[in-house]
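*Asks:* Kindly generate the corresponding structure for this input.
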Amino acid sequence: MTGTTNPAEAATPADTAGTVSTATGTDDGAPQAVVATDQTLTLERGAAIDVDSAGNPAARNHADGATGDYDLYHDWGQYKSDTIQATNGPNTYSYPGGNPNTAYVTCKDVIATATPYMTANLDFCFRTSAGRIAHAVVTRERTDHAFVLHVIVWNDPA
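*Replies:* Numbering: from 1, shown residues only. Model prediction:
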C-alpha cells in the first residue's frame, strides 16, 4: 500500500544541482580556486542549511538560526523582515558586483577587508561553517516566501 505525504509536512530537500570542479592552476602557474559546490537551493522561512557539500536537505523550523554546521538561515518573524543569515553572524559581506568569473577573488578580498554585517539579501559573500569562501545570490522569492538561491562554495587554493 502506498502512503501519501503532505508536501507541507515533508522536509524540503535543497533543490540542488551540485557540481564539483577540479581546477588546479592558471596559465601563469598561480593556484586557482576549486569549486567545492555550485548549486541552486530553496530555503523556506525558518529553515537552515549546510552548503559545504551539495544535496544537503534544509532543516525546517530551525530555531537556532545559522549556527554550527548550518551555513544559511532564512530569518523572519513578527519583528524581522525576510532575510538570509550566514553562519555564526556577523559573517556576511556585501558583494560589490562585477564579472561573475571573478566572484571568488572578489569575495576573498571583501572578506579580508570589509566590515561584516548581520543579515544579507540578494547578493553576498560569506565564510561557511567549514571556513570556505562562498557567494550567494537570491534569484527569486516564491509565493510562499521561500528564497531560491544560487550558492557557490570554493576550496581555497592549496
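*Asks:* how close does residue 128 sit to residue 104?
*Replies:* In this view, residue 128 and residue 104 are 13 Å apart by C-beta to C-beta, to the nearest Å. (Glycine included, C-beta is placed from N, CA and C.)
*Asks:* One more: residue 55?
*Replies:* Counting by C-beta to C-beta, the gap from residue 55 to residue 104 is 22 Å.
*Asks:* returning to that earlier point: for residue 128 and residue 104, work out which one has more neighbours and name it.
*Replies:* residue 128 (24 against 20; other C-beta atoms under 10 Å).
*Asks:* Am I right that that one is in contact with residue 87?
*Replies:* Yes. Using C-beta atoms under 8 Å, residue 128 makes contact with residue 87 at a distance of 6.3 Å.
*Asks:* any residues in contact with both of these two?
*Replies:* residue 71 (C-beta atoms under 8 Å, 6 or more residues apart in numbering).
*Asks:* Now find how far off-centre the lowest-mean-pLDDT helix or strand in the chain is within its chain.
*Replies:* One helix or strand of the chain scores below all others by mean pLDDT, DSSP states H and E: strand 80-86, with a mean of 71. Centroid displacement of strand 80-86 relative to its chain, using C-alpha atoms, centre = their mean, to the nearest Å, is 13 Å.
*Asks:* Let's verify residue 41: helix, strand, or coil?
*Replies:* strand (DSSP: H, G, I helix; E, B strand; the rest coil).
*Asks:* if I look at it, how far off is residue 93?
*Replies:* Residue 41 is 20 Å from residue 93, by C-beta to C-beta.
*Asks:* Looking at these two, which one has more neighbours?
*Replies:* Under the criterion of other C-beta under 10 Å, the comparison of residue 41 against residue 93 puts residue 41 first, with 27 against 24.
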